[in-house]
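S.K.: Build me a model:
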Amino acid sequence: ANFGEIPFGDITKPKTKSYIPDGFDVLCAGFPCQSFSIAGKRGGFEDTRGTLFFDVAEIIKSKQPKAFFLENVKGLRNHDKGKTLQTILNTLREDLNYFVPEPQIINAKDYGVPQNRERIFIVGFRKDLGITEFRYPKPKNKKVTLENILEQEEVSVKYYLSTTYVETLRKHKERHENKGNGFGFQIIPNDGIANSVVCGGMGRERNLLLDNRLTNFKPITKITGEVNREGIRKMTPREWARLQGFPEEFKIVVSDAQAYKQFGNSVAVPAIQATAEKIIEKLNCNDNRK
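M.R.: Residues are numbered from 1 along each chain as shown. This next block holds a predicted model:
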């Protein structure tokens with residue numbers, strides 16, 4: 001809807017892989033961090049079979065792009081006591097012969113969006129290019145808060161929580177606090193920074209707002225109880241889009257449920273953009289030297 005492009009589908013299927021062109025410069029990918037079968041093995045390419053990373057590695061191996069840019073959750077660093085990341089790095093460095101600097105955890109809040117979202121970035125360059133060092137982008141000294149991304153006008157009553165649901169969330173949080181857990185809903189102040197937006201209910205419940213501009217309390221969706229009078233509401237899909245750094249003109253053409261899911265699964269655009277610019281800079285600088 002936004003770019004006139006239709007994805008080819010499942011990248012693990014040979015038919016999908018057959019559409020991948022030759023001669024592209026940069027491969028970008030994200031993949032789930034499944035455990036690899038590395039018990040008693042050297043922890044390389046073959047040990048990643050059956051995972052999506054294997055398919056990414058296979059494409060890099062056959063197409064030999066100049067560079068790649070991989071993104072994953074912060075937990076990849078400690079996944080399976082660090083063995084998963086080590087296998088990934090062994091595969092990229094030893095089996096595929098790429099220069100891969102130490103991966104870096106990058107936080108979206110350092111790049112101009114008010115969201116505390118830490119992700120691990122892995123960058124690599126084909127060794128024959130002679131690139132031997134790479135610096136990830138420095139954080140931008142630009143503090144932004146929720147105020148920068150909130151809707152200017154009154155939002156629909158459908159984003160406001162029912163009294164019953166607010167009560168359920170409070171009890172749920174209390175139960176966890178009694179057990180010594182810091183888990184549960186959270187209301188973010190307007191001058192604060194959102195928690196990481198993720199796919200699933202808690203991504204919304206950990207990013208609630210106080211917004212007292214509602215004038216019509218008549219529910220337009222089926223709720224139990226009535227609309228709360230404390231001003232507690234969820235963020236709108238557009239606010240989530242802004243938290244991820246999407247431009248205002250980006251069209252949201254799916255249901256709210258799908259929009260939350262898709263924005264929650266997306267990358268924080270400014271953090272990706274800042275890193276991508278460094279990759280391109282490095283490749284261009286390298287081309288000019290030749």
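
S.K.: Strands of the stretch 51-200 of the chain, start to end?
M.R.: 67-73, 98-99, 104-107, 115-116, 118-126, 194-195 (DSSP state E, counting those that start in this stretch).

S.K.: Next, format those as TSV and append mean pLDDT and mean neighbour count.
M.R.: Every C-beta, even on glycine, is put in place using the N, C-alpha and C of the backbone. Shown next, in TSV, are the strands of the stretch 51-200 of the chain (pLDDT from 0 to 100; neighbours: other CB atoms under 10 Å):
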stretch	mean pLDDT	mean neighbour count
strand 67-73	96	21
strand 98-99	98	21
strand 104-107	97	16
strand 115-116	96	20
strand 118-126	97	21
strand 194-195	96	21
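
S.K.: for those strands, which one sits closest to Thr224?
M.R.: Among the strands of the stretch 51-200 of the chain, the nearest to Thr224 by CB to CB is strand 194-195 (25.8 Å).

S.K.: That closest one pairs with which strands?
M.R.: Strand pairing for strand 194-195, determined by DSSP bridges: strand 115-116 (parallel).

S.K.: Check what contacts the strand it pairs with and list those residues.
M.R.: Contacts to strand 115-116, defined as CB atoms under 8 Å, 6 or more residues apart in numbering, come from residues 107-109, 193-197, 243-244, 268.

S.K.: quick one: which of the residues you listed is nearest to Thr164?
M.R.: Nearest to Thr164 among the contacts of strand 115-116 is Asn195, at 23.6 Å by CB to CB.

S.K.: for the residue lying closest to Val166 once chain neighbours are set aside, what are its contacts?
M.R.: Nearest non-adjacent residue to Val166, counting by CB to CB, 6 or more residues apart in numbering: Asn228, 5.0 Å away. Under the criterion of CB under 8 Å, 6+ apart, the neighbours of Asn228 are 160-163, 166.

S.K.: gap between Asn228 and Arg206?
M.R.: Separation of Asn228 from Arg206 (CB to CB, to the nearest Å): 17 Å.

S.K.: which stretches of the chain form helices?
M.R.: In the chain, the segments counted as helices under DSSP state H are 14-17, 52-63, 83-90, 163-178, 201-205, 237-243, 256-265, 269-289.

S.K.: domain assignment for this protein?
M.R.: Under automatic domain parsing, the residue ranges defining each domain of the chain are 14-142+268-289, 146-265.

S.K.: could you redo those as CSV and give each row distance to Ile6?
M.R.: Formatted as CSV, the domains of the chain follow (distance: least, CB to CB, whole Å):
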stretch, distance to Ile6
domain 14-142+268-289, 11
domain 146-265, 13
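
S.K.: just so I know, which of the helices of the chain lies nearest Cys28?
M.R.: Nearest of these (CB to CB): helix 269-289, 7.9 Å.

S.K.: Is Asn107 bridged to anything, and to what?
M.R.: Residues in a beta bridge with Asn107, per DSSP bridges, are Glu118.
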